[in-house]
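> missing the sequence, but the structure's below:
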């Protein structure tokens, strides 16, 4: 990535804020327009699919469009041997930006709908089956994000990732948060998309387990990436290469 670290961190913060604003705002709008929980979830998931796809398309070329600490850690871990992933310094900068952006996005959504700011959620989500849903959702996300480049389909990330998250809204019991930053942000809104602060720890732990499982699945399905082998500097070879004529 050619963008400076400051620009990449800004992209992660803005993307995380916009993503949570979409999730929370569409949830508020849905509950104001319908009393049917199924319709509310449908509206919420569709808005998230479209919003996430747009954000990945726009900001992916700048920062990779992680918007998710688990994705950032997974990409760093998988690319650390080849030297083609984010560095430890990148990770240390990305994660706080993602969390801060997510909290900002939740506050922004509440402000847009005239709701009280910093109104912590009362929506309890502490249950084993919900944690299992988060493990499954996050593992699938990591498998998808790391698997697409392995099969030469990285360009499909905006559509594929957004579609997966939209589907996971419906096939997981937790409605697929799959993101520690988004989870933290959603604790700051007492709305349809909120999560009680006491439930955040269990969700984040499940997401980290899901991230580790996703990495194992990538290794099992696609194999481990080999570290890039760079030849040792050789004055003789360099001299030969310098004197070798270049064919037109």
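Thanks, I have it. Because the structure is predicted, anything quoted here is derived from the model rather than measured.

> Go through the helices and strands of this structure and name the one with the lowest mean pLDDT.
Within the chain, no helix or strand scores below helix 235-243, which has a mean of 40 by mean pLDDT, DSSP states H and E.

> Pop out the phi and psi values for residue 210.
The phi/psi pair for residue 210 (degrees, to the nearest 10) reads phi -60, psi -40.

> Low-confidence regions, the chain specifically.
1, 81-83, 225-248 (pLDDT under 70).

> Repeat the analysis, applying 90 as the threshold.
Scanning the chain for pLDDT under 90 picks out 1-2, 79-85, 116-119, 223-248.

> Excluding sequence neighbours, find me the nearest residue to the residue at minimal distance from the centre of the chain.
Nearest to the mean C-alpha position of the chain, by CA atoms, centre = their mean, lies residue 68 at 3.3 Å. Once flanking residues are discounted, residue 68 sits nearest to residue 179: 4.3 Å by CB to CB, 6 or more residues apart in numbering. Yep, even glycine has a C-beta here, placed from its N, CA and C like the rest.

> Please name the residues that touch the one you found.
Counting by CB atoms under 8 Å, 6 or more residues apart in numbering, residue 179 makes contact with 67, 68, 69, 70, 71, 102, 138, 207.

> Quickly find the element holding the fourth one.
Assigned by DSSP states H and E, residue 70 belongs to helix 69-79.

> and the helix or strand hosting residue 23, what does it pack onto?
Residue 23 is part of helix 5-33, with elements assigned from DSSP H and E. Judged by 3 or more CB pairs under 8 Å, 6 or more residues apart in numbering; DSSP states H and E, the packing partners of helix 5-33 are helix 37-63, helix 88-112, helix 180-186.

> for these, which one sits closest to residue 166?
Among these, the nearest to residue 166 by CB to CB is helix 37-63 (3.7 Å).

> buried sites along the closest one?
Buried residues in helix 37-63, counted by 16 or more other CB atoms under 10 Å: 40-45, 47-49, 51-53, 55-56, 59-60, 62-63.

> do the same with stretch 26-34
In stretch 26-34, counting by 16+ other CB under 10 Å, buried: 26, 27, 28, 29, 30, 31.

> returning to that earlier point: I'd like the helices and strands packed on helix 5-33 as CSV, with distance to residue 128 appended.
Formatted as CSV, these follow (distance: least, CB to CB, whole Å):
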stretch, distance to residue 128
helix 37-63, 21
helix 88-112, 25
helix 180-186, 17
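
> now residue 70: how far from residue 181?
9 Å (CB to CB, to the nearest Å).

> One more: residue 73?
From residue 73 over to residue 181 (counting by CB to CB), the distance is 12 Å.

> Would you agree the residue nearest to the centre of the chain is in contact with residue 185?
No. Using CB atoms under 8 Å, residue 68 is not in contact with residue 185, being 11.5 Å away.

> Please name the residues that touch residue 86.
Residue 86 makes contact with 64, 72, 75, 76, 79, 94, according to CB under 8 Å, 6+ apart.

> Buried members of these into PyMOL, please.
In PyMOL, a selection of the buried entries from those looks like this (16+ other CB under 10 Å):
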select buried, resi 64+72+75+76+79+94
